[in-house]
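Trainee: here is a sequence with its predicted model. Questions after.
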Amino acid sequence: MTYTAWIILTATLVGLSCGLIGVFLILRKMAMMADAISHTVLLGIVVAFIITQELTGVHMLIGAIIAGLMTALFVQWLNSLDVQQEAAIGIIFTTLFAIGVILIEAFVGNAHLDVQHALMGEITFIPWNRITLPIVGSIPKAAAILTLVFFVVLLFIIAFYKEWKITTFDPGLAASVGIPVLFMHYLFMSLVSITTVASFDAVGAIMVVAMLITPAASAYLWTDRLHMMLVISGLFGVASAVIGYFIAAWIDTSISGSMAFATGLIFLASYLLSPKHGLLAKYLKPEETFE
Amino acid sequence: MWSILLNSNTQWVLLSTAILGIAAGTIGSLAYWKRQSLMSDALAHAALPGVIIAFLLFKVKHLFVLITGAAISAVIGAFFIQGIRSSTRIKEDTAMGMILSIFYGFGIMLLTIANRTSGNQSGLNNFILGQSASMVQSDVWTMSILAILVVSIVVIGFKEWKIYLFDRQFASGLGLPLKGMDVVYTILLVTTIVVGIQAVGVILIAALLIIPAVSARYWTHSFQTKVIISALFGGASGMIGTLISAIGNGWPTGPFIVVLAASFFIISLIFGKEKGILVQHWQMKHHKKQEILQSIPTSVLKKEVQ
């Protein structure tokens, strides 16, 4: 495959995984938790790098899962000590992120891992960093990890579809029918963490939030059915990635920034055109929407 | 290290980050008790495109011009968050996350273009993680004057702000202009954020508003004292953080300020005299002892006395 094709494929995988995870994020009202995890994952990566001196996939994934779970645990702990949830999130992620940045500046600071890269992503380098796998041959490392993560996410969503649905919409009912709500919560946080870290290389710490939240929020305006929302959100994620790439190629600028911007364009279109919640629909038939 | 400390430019920068920390600690207290801690994070990220647009339009790096752009863009972000929340079924935290990341992404697009066209790396990257070393005398003045202005407005109307935060109904009964105070509060919040972005950076400036305000609640019950303590914690974090980053060569300032603020938080959390972990632990023990003593029948105790 050509250089451009690999970039688009990588971006598409980011859009798909983030789109799927994002649906549950916004339905569980945890959008800002995703923001927090996307920052703290940096610390996980840096610590994994300092310990192993390697930037390979598995170490990074493990570091990210630990960082993500730590974030969730700390926030919960502070919250139990009577600190407002919002403030608890704000304290934990800024502190862990700051420690991550300082560690990079002080101990790492080399070509493999720098702050600029972590914040903005470097999708243009992805096609060069390859590994050789059986059957498929030599493919970019990031694409391989993203494919793996996408299938893990998809597997967990399909396997526990009913459980996700009940714990998301009615945690009380879920607990009463014997679903381990807390376990599902931490499982979900782990899925968010691995999706974030796999997308990290491509889009960086902050733009991954755009990919996680915005396609799902846009899909939320189009449908009331969970499985449709998952499909639409995944498609919006892919569309944002592709549109973003072409905007970036057109005006020659940051690809990850353009992808975040493209999620905004899709949200704007949904906000205006959605049949039920759109501005246009409200304008055309106000009596039906204001029942 | 002493040569750095004795440098008059460093002294000015230290003074200005201390004042910034005081302003952030003050406004942060209002934001915490208004339950809007993460709004400052969203607004700070939303300020980035404004900085770059102002630079691209006017081709100057004067701080006042750049933070005016930042303020406009942050206010547009706040307006969007409010709009999405009130006109769709999307919740506030989702709206904040969306605006935060989309605006930031847009800012990075523009930043890449600015770095490419102006060639000289323009120094705009410093606005992401903060770089107090890049501040010149006029930046110090702009920052300090605006921060002092913010603190003064809170101090002058302190009684009114307190009623506004804790009892809106009573406030409207008193005839306080709540809508007007909402606007002033937003202006103060945005001003504090944009004033701080050169020193602390758009990603971490929110920490300087959130962390000192939470730390202060472990020391006192009185709101007024809380605000003062929060301001002191903020000022100390700003100053010491800047000092440490000035010692290292070219280290970003923001992360050090945040780690300092977090250290004050941990100290407060453990040793604070109101609801601090140690005090609570001790109180629990004391309480249990009392319970045990009370559970012993009085006849037994009497016998022992005899």
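Mentor: Alright, I've got the coordinates. Numbers count the residues shown, from 1 in each chain, chains lettered A, B, ... in the order given.
Trainee: need the per-residue pLDDT for the spatially most central residue of chain B.
Mentor: Residue closest to the mean C-alpha point of chain B, counted by CA atoms, centre = their mean, is B:Leu209 at 1.2 Å. On the pLDDT scale, B:Leu209 is placed at 94.
Trainee: list the contacts for it?
Mentor: B:Ala24, B:Gly25, B:Ile27, B:Gly28, B:Ala31, B:Ser37, B:Ser40, B:Leu189, B:Thr192, B:Ile193 (CB atoms under 8 Å, 6 or more residues apart in numbering or on different chains). C-beta coordinates here come from the backbone N, C-alpha and C atoms, glycine included.
Trainee: give me the next element, helix or strand, following the one helix or strand the second one maps to.
Mentor: B:Gly25 belongs to helix B:8-33 when elements are defined using DSSP states H and E. Toward the C-terminus, helix B:8-33 is succeeded by helix B:37-46 as the next helix or strand (DSSP H and E).
Trainee: what residues sit buried inside that following helix?
Mentor: B:Ser37, B:Leu38, B:Met39, B:Ser40, B:Asp41, B:Ala42, B:Leu43, B:Ala44, B:His45, B:Ala46 (16 or more other CB atoms under 10 Å in any protein chain shown).
Trainee: with stretch B:108-123 instead?
Mentor: B:Ile108, B:Met109, B:Leu110, B:Leu111, B:Thr112, B:Ile113, B:Ala114, B:Asn115, B:Ser122.
Trainee: and chain A, which of those reach it?
Mentor: Restricting these to those within reach of chain A (CB under 8 Å from any CB of the partner chain) leaves B:Ile108, B:Met109, B:Leu110, B:Leu111, B:Thr112, B:Ile113.
Trainee: just flag the most distant two among those residues.
Mentor: B:Ile108 and B:Ile113 (9.9 Å; CB to CB).
Trainee: if we can go back for a sec, for the helix holding B:Gly25, buried residues please.
Mentor: B:10, B:12-33.
Trainee: helices or strands next to that helix in the packing?
Mentor: Helix B:8-33 sits against helix B:37-46, helix B:137-156, helix B:158-166, helix B:178-200, helix B:205-216, helix B:223-247, helix B:253-271, with contacts defined as 3 or more CB pairs under 8 Å, 6 or more residues apart in numbering or on different chains; DSSP states H and E.
Trainee: the shortest one to helix B:137-156, inter-axis angle?
Mentor: When you say that, I think you mean helix B:158-166. Here the directions of helix B:158-166 and helix B:137-156 differ by 80 degrees (axes from the mean of the first three to the mean of the last three CA atoms, to 10 degrees).
Trainee: packing partners of helix B:158-166?
Mentor: Short answer (3+ CB pairs under 8 Å, 6+ apart): helix B:158-166 packs on helix B:8-33, helix B:168-173, helix B:178-200, helix B:223-247.
Trainee: hmm, the last one in reach of chain A?
Mentor: Okay, so that is helix B:223-247. No - on the criterion CB under 8 Å from any CB, helix B:223-247 is out of touch with chain A, staying 9.5 Å away.
Trainee: show me what contacts A:Asn79?
Mentor: A:Gln85, A:Ala88.
Trainee: ok, so what distance separates it from B:Ala31?
Mentor: Distance, A:Asn79 to B:Ala31, by CB to CB, to the nearest Å: 18 Å.
Trainee: same check, this time on A:Ser80
Mentor: From A:Ser80 to B:Ala31 the distance is 22 Å (CB to CB).
Trainee: count the residues that sit near A:Glu54.
Mentor: By other CB atoms under 10 Å in any protein chain shown, 12 other residues sit near A:Glu54.
Trainee: can I assume it sits in a helix?
Mentor: No - applying DSSP: H, G, I helix; E, B strand; the rest coil, one finds A:Glu54 to be coil, outside a helix.
Trainee: now do it against chain B, distance only.
Mentor: To chain B, A:Glu54 is 24 Å away according to CB to the nearest CB, to the nearest Å.
Trainee: comparing the helices and strands packed on helix B:8-33, which stretch has the densest surroundings?
Mentor: Burial of the helices and strands packed on helix B:8-33 is given as mean neighbour count (mean count of other CB atoms under 10 Å in any protein chain shown); helix B:205-216 ranks first at a mean of 31.
Trainee: hang on, the earlier thing: for the residue nearest to the centre of chain B, which non-adjacent residue is closest in space?
Mentor: Among residues not flanking B:Leu209 along the chain, B:Gly28 sits closest, at 3.6 Å (CB to CB, 6 or more residues apart in numbering or on different chains).
Trainee: pLDDT at that neighbour, what is it?
Mentor: 94.
Trainee: and it, what does it touch?
Mentor: Contacts of B:Gly28 (CB under 8 Å, 6+ apart): B:Ser37, B:Ser40, B:Leu208, B:Leu209, B:Ile210, B:Ile211, B:Pro212, B:Ala213, B:Ser230, B:Gly234.
Trainee: which residues touch the second one?
Mentor: Okay, so that is B:Ser40. Contact analysis of B:Ser40 by CB under 8 Å, 6+ apart lists B:Gly28, B:Ala31, B:Leu189, B:Ile193, B:Ile205, B:Ala206, B:Leu209, B:Ile210.
Trainee: make it 10 Å
Mentor: B:Ser40 makes contact with A:90, B:24, B:27-28, B:31-32, B:74, B:189-190, B:192-193, B:205-210, according to CB atoms under 10 Å, 6 or more residues apart in numbering or on different chains.
Trainee: ditto for the first one
Mentor: For B:Ser37, the set of contacting residues under the criterion of CB under 10 Å, 6+ apart consists of A:32, A:83-91, B:28, B:31, B:206, B:209-211, B:213-214.
Trainee: now do the third one
Mentor: For B:Leu208, the residues meeting the contact criterion (CB under 10 Å, 6+ apart) are A:94, B:17, B:20-21, B:23-25, B:27-28, B:40, B:44, B:130, B:192-193, B:196, B:199-200, B:233-234, B:237-238, B:241, B:254, B:257-258, B:260-261.
Trainee: again, only using 6 Å
Mentor: Applying CB atoms under 6 Å, 6 or more residues apart in numbering or on different chains to B:Leu208 gives the contacts B:Ala24, B:Val200.
Trainee: export only the CA atoms of the helix or strand hosting B:Glu291, formatted as CSV.
Mentor: Here B:Glu291 sits within helix B:277-295, counting by DSSP H and E. What follows is helix B:277-295 as a C-alpha-only set of coordinates in CSV (Å, rounded to 0.1, in the frame of the first residue of the first chain):
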residue,chain,number,x,y,z
ILE,B,277,-7.1,12.5,56.8
LEU,B,278,-5.0,12.4,60.0
VAL,B,279,-7.4,14.6,62.0
GLN,B,280,-10.4,12.5,60.8
HIS,B,281,-8.5,9.3,61.7
TRP,B,282,-7.7,10.7,65.2
GLN,B,283,-11.3,11.8,65.7
MET,B,284,-12.6,8.4,64.7
LYS,B,285,-10.3,6.8,67.2
HIS,B,286,-11.3,9.2,70.0
HIS,B,287,-14.9,8.7,69.1
LYS,B,288,-14.6,4.9,69.4
LYS,B,289,-12.8,5.2,72.8
GLN,B,290,-15.7,7.3,74.1
GLU,B,291,-18.2,4.8,72.8
ILE,B,292,-16.4,1.9,74.5
LEU,B,293,-16.2,3.9,77.7
GLN,B,294,-19.9,4.7,77.5
SER,B,295,-20.8,1.1,76.8
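Trainee: centre of the chain to that helix, how far?
Mentor: 36 Å (CA atoms, centre = their mean, to the nearest Å).
Trainee: and it, which residues are buried?
Mentor: Buried residues in helix B:277-295 (16+ other CB under 10 Å): none.
Trainee: list the contacts of it.
Mentor: B:Ile270, B:Phe271, B:Lys273.
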